[in-house]
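Novice: predicted structure and sequence below. I'll ask about it afterward.
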2 protein chains.
Amino acid sequence: MSSAERRDTTAPAGTVADALRDAIAGGDFAPNQRLVEADLSEQFGASRAAVRAALVELTSEGLVERVQNRGARVRAVSVEEAVEITEVRMVLEGLLAAKAATRLSDDDRARLRQIGASMQDAVASGDLLGYSGLNSELHTFVRESADQRTAGLLLERLRGQNVRHQFRLAMQPGRPSVSLPQHLAIIEALCAGDPDAAEQAMRVHLQSVVEALSRVDPGPRAGRRG
Amino acid sequence: MSSAERRDTTAPAGTVADALRDAIAGGDFAPNQRLVEADLSEQFGASRAAVRAALVELTSEGLVERVQNRGARVRAVSVEEAVEITEVRMVLEGLLAAKAATRLSDDDRARLRQIGASMQDAVASGDLLGYSGLNSELHTFVRESADQRTAGLLLERLRGQNVRHQFRLAMQPGRPSVSLPQHLAIIEALCAGDPDAAEQAMRVHLQSVVEALSRVDPGPRAGRRG
DNA sequence: GGCGTGGAGGTTGTCGACAATGAGTTCAGC
DNA sequence: GCTGAACTCATTGTCGACAACCTCCACGCC
């Protein structure tokens, strides 16, 4: 809500892509909303060429859709796509969990257990937002511990495409009580240094996310035009 | 020098990206070679703006590297990165193999068995190039049968980054005799309609590729600037 | 002789304007 | 009243030129 405000200074360079990325992720632009180059140019205080470059970049990241001579719009990811993305996350994060399990320091283990304890507290006190934050903290921790930049980069991009569905899922009632034990199992396997168990636990968790996504109603329709 | 030849007509649109992609994949440009916008502009008969857009696009695909005010160059992927990429392929193609196993028609199965038989013939007659072609045909077949566009797109991009290493690996003596039974195992599991076995077989195969890549010498030095 | 300084060349970044394309709208004809 | 075509408008695609920047090289100074 605060990322798309006007800027006084001309944007130095590829900054436009970052700003636009944040704005889309932050919900400043609705799915399927048109992204007119001239408007964005004024909004971000950048040249139209810079906006154009940012649009091209975000297109190959899957956040915007561009059709010849018809302009760009925020790409709306359907539930089916969200499932696909989560399936990919499942195997990718499984790989990272396995690699991370063999590389954790004692400090890392302590940090993981701390996250686990905080998660239990958050669920116990019904703090959905805090739990959601700890959730992404856990996944980020695994990603960074694994030392696999290729998978890490892909995951980061996929996360960008999925934030909306991710958010909707997190607000689903009863969701924390099913995901909490899965998260704890992941942490346990990681701390035990067992790569196979860690991968398996991560996959179980994300498979459950896949099923939860499939169960959820189609949600905000993806086809509307603005 | 098949893909990068001069063109008479101005390139219509995002065609430049495709042409440049092919040229890099085809080896017309060496790793770390500078990509000067003006030169490419003349070479492809397109405006500099079009070249620029293509460069941005290929950058986020991981084929070129761009640094502020210093221009673009063909990205050289190190052996370590090739290993990472193959690890990602391992889990992604494993996922696709599992999904494909549950969706194959009788025609598909026949086609798969045919590929397997051709592979055996190629290896028996020492036809390395033919075997290599059948190899990518198999992987492509799995990718398309799985009906998972997200994973499929990621794999296609990763393949683009890895062609060079892939090629060096294929020419390694003794490599076919180890990969052939793995390929046959994949085909068998797919035809049996067993998703777990198919995923496992695919992972075993690509894990072996990872190990082969690690064994191979560092090859053309990739990382250093200059 | 080594090191810092200045200049020259080349390449990218940016801008403004014009042409081309597509969509929506209005108007005539049936 | 409805259909079809032409027109208008908004928006993107393309181009050329200029400015900013980096690199390399030569020169002078310590």
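Specialist: Alright, I've got the coordinates. Numbers count the residues shown, from 1 in each chain, chains lettered A, B, ... in the order given.
Novice: moving C-terminal of the helix or strand where residue A:182 lies, what's the next helix or strand?
Specialist: For residue A:182, the host element (DSSP states H and E) is helix A:175-192. Per DSSP H and E, the first helix or strand lying C-terminal to helix A:175-192 is helix A:195-215.
Novice: so what's the residue of chain A found nearest DNA strand C closest to, chain neighbours aside?
Specialist: For chain A, the residue closest to DNA strand C is residue A:47, as judged by CB to the nearest atom of the strand, at 2.0 Å. Every C-beta, even on glycine, is put in place using the N, C-alpha and C of the backbone. In this structure, residue A:47 finds its nearest non-sequential neighbour in residue A:41, 6.5 Å apart by CB to CB, 6 or more residues apart in numbering or on different chains.
Novice: same question, residue A:163
Specialist: Per CB to CB, 6+ apart, closest to residue A:163 is residue A:25, 5.3 Å.
Novice: is it true that that neighbour touches residue A:161?
Specialist: No - with contact defined as CB atoms under 8 Å, residue A:25 does not reach residue A:161; the gap is 9.4 Å.
Novice: ok, now which ones touch the residue most central in space within chain A?
Specialist: Centroid check for chain A by CA atoms, centre = their mean gives residue A:159 as the closest residue, at 2.4 Å. With contact taken as CB atoms under 8 Å, 6 or more residues apart in numbering or on different chains, residue A:159 is in contact with residue A:166.
Novice: on that earlier part again, for the helix or strand that contains the residue nearest to residue A:47, packing partners?
Specialist: Per DSSP H and E: residue A:41 is located in helix A:37-44. Under the contact definition 3 or more CB pairs under 8 Å, 6 or more residues apart in numbering or on different chains; DSSP states H and E, helix A:37-44 sits against helix A:15-25, helix A:48-60.
Novice: for the first one, list the C-alpha coordinates in CSV.
Specialist: Same thing as helix A:15-25. This file holds the C-alpha atoms of helix A:15-25, laid out as CSV (Å, rounded to 0.1, in the frame of the first residue of the first chain):
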residue,chain,number,x,y,z
THR,A,15,15.2,0.2,-9.6
VAL,A,16,11.9,0.5,-11.4
ALA,A,17,11.7,-3.3,-11.7
ASP,A,18,12.2,-3.6,-7.9
ALA,A,19,9.6,-0.9,-7.1
LEU,A,20,7.1,-2.4,-9.5
ARG,A,21,7.8,-5.9,-8.1
ASP,A,22,7.1,-4.7,-4.6
ALA,A,23,4.0,-2.8,-5.6
ILE,A,24,2.5,-5.9,-7.2
ALA,A,25,3.5,-8.2,-4.4
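Novice: would you mark the buried spots in it?
Specialist: A:16-17, A:19-21, A:23-25 (16 or more other CB atoms under 10 Å in any protein chain shown).
Novice: that one - contacts with which helices or strands?
Specialist: Helix A:15-25 packs on helix A:37-44, helix A:48-60, helix A:149-170, going by 3+ CB pairs under 8 Å, 6+ apart.
Novice: got those helices as a markdown table, with mean pLDDT and distance to residue A:202 columns?
Specialist: Shown next, in a markdown table, are the helices and strands packed on helix A:15-25 (pLDDT from 0 to 100; distance: least, CB to CB, whole Å):
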| stretch | mean pLDDT | distance to residue A:202 |
| --- | --- | --- |
| helix A:37-44 | 88 | 38 |
| helix A:48-60 | 89 | 27 |
| helix A:149-170 | 92 | 12 |
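Novice: per-domain residue ranges of chain A.
Specialist: Here the domain parsing of chain A from automatic domain parsing is A:15-74, A:79-215.
Novice: near DNA strand D, anything from the shortest one?
Specialist: Looking back up the chat, that one is domain A:15-74. Yes - using CB under 7 Å from any atom of the strand, domain A:15-74 reaches DNA strand D at A:34-38, A:48-49, A:52, A:66, A:68-72.
Novice: could those go into JSON lines alongside neighbour count?
Specialist: Supplementary listing: the residues of domain A:15-74 next to DNA strand D in JSON lines, determined by neighbours: other CB atoms under 10 Å in any protein chain shown:
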{"residue": "A:34", "neighbour count": "13"}
{"residue": "A:35", "neighbour count": "22"}
{"residue": "A:36", "neighbour count": "14"}
{"residue": "A:37", "neighbour count": "17"}
{"residue": "A:38", "neighbour count": "9"}
{"residue": "A:48", "neighbour count": "12"}
{"residue": "A:49", "neighbour count": "14"}
{"residue": "A:52", "neighbour count": "21"}
{"residue": "A:66", "neighbour count": "17"}
{"residue": "A:68", "neighbour count": "8"}
{"residue": "A:69", "neighbour count": "5"}
{"residue": "A:70", "neighbour count": "9"}
{"residue": "A:71", "neighbour count": "14"}
{"residue": "A:72", "neighbour count": "22"}
